[in-house]
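Colleague: quick one: sequence plus predicted model below, questions after.
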Amino acid sequence: MPRLSIFVKALRDLRWQVFWYGVGLAAMGALVVYVYPSYSDQLADFEIPEALKAFIGEADYASPAGFLSAEFFSWAPILLVIFAIMAGTSALAGEEAAGTMDLLLAQPVSRRQLVLEKLAGFMTASVGIAALICLGWLLSLPFVDIDMSLGKMIVATFNMLPLTFFFGAFAMWAGSALPNRRVATGLVTALAVVTYFVNFLANLVEVLRPLRWASPFFYDNGTNVLPSGVDGTKVAVLLGLFCLFAALTLVAFERRDVGVLTEGPIRLRLGWPRARAGRPAEPRTSP
């Protein structure tokens, strides 16, 4: 097998997702930049409700940094998390469900190499989406009267990647440790939804404030990057979690009994004997 062929295959499988996610987010980002001058005067005396502050952070909504944070960087990480869940669960569990995992492992490639190249392909695809988003800034910022540097926008864009990497690694681990892709997708999606709302409610309700430390979205810090800069500690936490689940994926996939899995529901065995062909099972009777 040619060197890095699995890495190339992973990129090829994700090429259209990278294109559409990247182009879509780039277009939305450019649109936000272009509409800011039309709203800048109206936002000068705008009072931000507490619920909106919990969503967009403490940035000044009337400033370019606050407006772009609220209108783009408050929701763009959610779309990247969705991409990470789809790509992460399809990397291993998707191959197994499609029946192509046996073909890959039949080649002269170790399981460790397979996981690492799949992971590298996902990370490269995520960087590609971020690069396309930056293309949107390049096509909008120089042509609009807005006090915001292109460098800060690029930094804020790539700051979304650690959260994306974490959810991608977690999704790959779930696909290796759980029965099939459907179960893995459900678990990772539930984690994303619950932790997102935990972080939102913790910013809104004082008594819940300590819970935000348990949410990966708290460490994303996306809405505060433009006004305050990158928080290196939070980035380190997300990258540490990414490395942890990447290592757990290697262990789980090494131990996995690879087979062609179905995408059907999980059936629990309740203890009754199965019926034989042609006649129903006889009920148990007490002695």
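Modeller: Noted; the coordinates are in hand.
Colleague: for whichever strand or helix holds Phe242, enumerate the helices and strands it packs against.
Modeller: Under the criterion of DSSP states H and E, Phe242 resides in helix 232-255. Applying 3 or more C-beta pairs under 8 Å, 6 or more residues apart in numbering; DSSP states H and E, one finds that helix 232-255 contacts helix 111-138, helix 161-177, helix 216-220. C-betas here are computed from N, CA, C, even on glycine.
Colleague: any chance of those in JSON lines, plus distance to Ala93, mean neighbour count and mean pLDDT?
Modeller: Below are the helices and strands packed on helix 232-255 laid out as JSON lines (distance: least, C-beta to C-beta, whole Å; neighbours: other C-beta atoms under 10 Å; pLDDT from 0 to 100):
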{"stretch": "helix 111-138", "distance to Ala93": "11", "mean neighbour count": "20", "mean pLDDT": "96"}
{"stretch": "helix 161-177", "distance to Ala93": "3", "mean neighbour count": "26", "mean pLDDT": "96"}
{"stretch": "helix 216-220", "distance to Ala93": "21", "mean neighbour count": "22", "mean pLDDT": "93"}
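Colleague: let me have those helices in JSON lines, extended by distance to Ala27.
Modeller: As requested, those are exported to JSON lines (distance: least, C-beta to C-beta, whole Å):
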{"stretch": "helix 111-138", "distance to Ala27": "6"}
{"stretch": "helix 161-177", "distance to Ala27": "19"}
{"stretch": "helix 216-220", "distance to Ala27": "22"}
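Colleague: quick one: closest of those to Val193.
Modeller: helix 216-220 (10.6 Å; C-beta to C-beta).
Colleague: ok, back up a step: the helix holding Phe242 to helix 161-177, inter-axis angle?
Modeller: Orientation of helix 232-255 against helix 161-177 (axes from the mean of the first three to the mean of the last three C-alpha atoms, to 10 degrees) gives an angle of 20 degrees.
Colleague: who touches helix 232-255?
Modeller: 92, 111-112, 114-116, 119, 159, 162-163, 165-166, 168-170, 172-173, 176-177, 216, 218-221 (C-beta atoms under 8 Å, 6 or more residues apart in numbering).
Colleague: C-alpha coordinates for that helix, PDB please?
Modeller: C-alpha atoms of helix 232-255 as PDB (Å, rounded to 0.1, in the frame of the first residue of the first chain):
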ATOM      1  CA  GLY A 232      -3.700  29.900  26.100                       C
ATOM      2  CA  THR A 233      -4.800  27.900  29.100                       C
ATOM      3  CA  LYS A 234      -8.200  27.100  27.700                       C
ATOM      4  CA  VAL A 235      -6.700  26.100  24.400                       C
ATOM      5  CA  ALA A 236      -4.200  23.800  26.200                       C
ATOM      6  CA  VAL A 237      -7.100  22.100  28.000                       C
ATOM      7  CA  LEU A 238      -8.900  21.300  24.800                       C
ATOM      8  CA  LEU A 239      -5.700  20.100  23.100                       C
ATOM      9  CA  GLY A 240      -5.000  17.900  26.200                       C
ATOM     10  CA  LEU A 241      -8.500  16.400  25.900                       C
ATOM     11  CA  PHE A 242      -8.000  15.800  22.200                       C
ATOM     12  CA  CYS A 243      -4.700  14.000  22.900                       C
ATOM     13  CA  LEU A 244      -6.400  11.900  25.700                       C
ATOM     14  CA  PHE A 245      -9.200  10.700  23.400                       C
ATOM     15  CA  ALA A 246      -6.900  10.100  20.500                       C
ATOM     16  CA  ALA A 247      -4.900   7.800  22.800                       C
ATOM     17  CA  LEU A 248      -8.100   6.100  24.000                       C
ATOM     18  CA  THR A 249      -9.100   5.600  20.400                       C
ATOM     19  CA  LEU A 250      -5.800   3.800  19.700                       C
ATOM     20  CA  VAL A 251      -6.400   1.500  22.700                       C
ATOM     21  CA  ALA A 252     -10.100   0.800  21.900                       C
ATOM     22  CA  PHE A 253      -9.500   0.100  18.200                       C
ATOM     23  CA  GLU A 254      -6.500  -2.200  19.000                       C
ATOM     24  CA  ARG A 255      -8.900  -4.300  21.200                       C
END
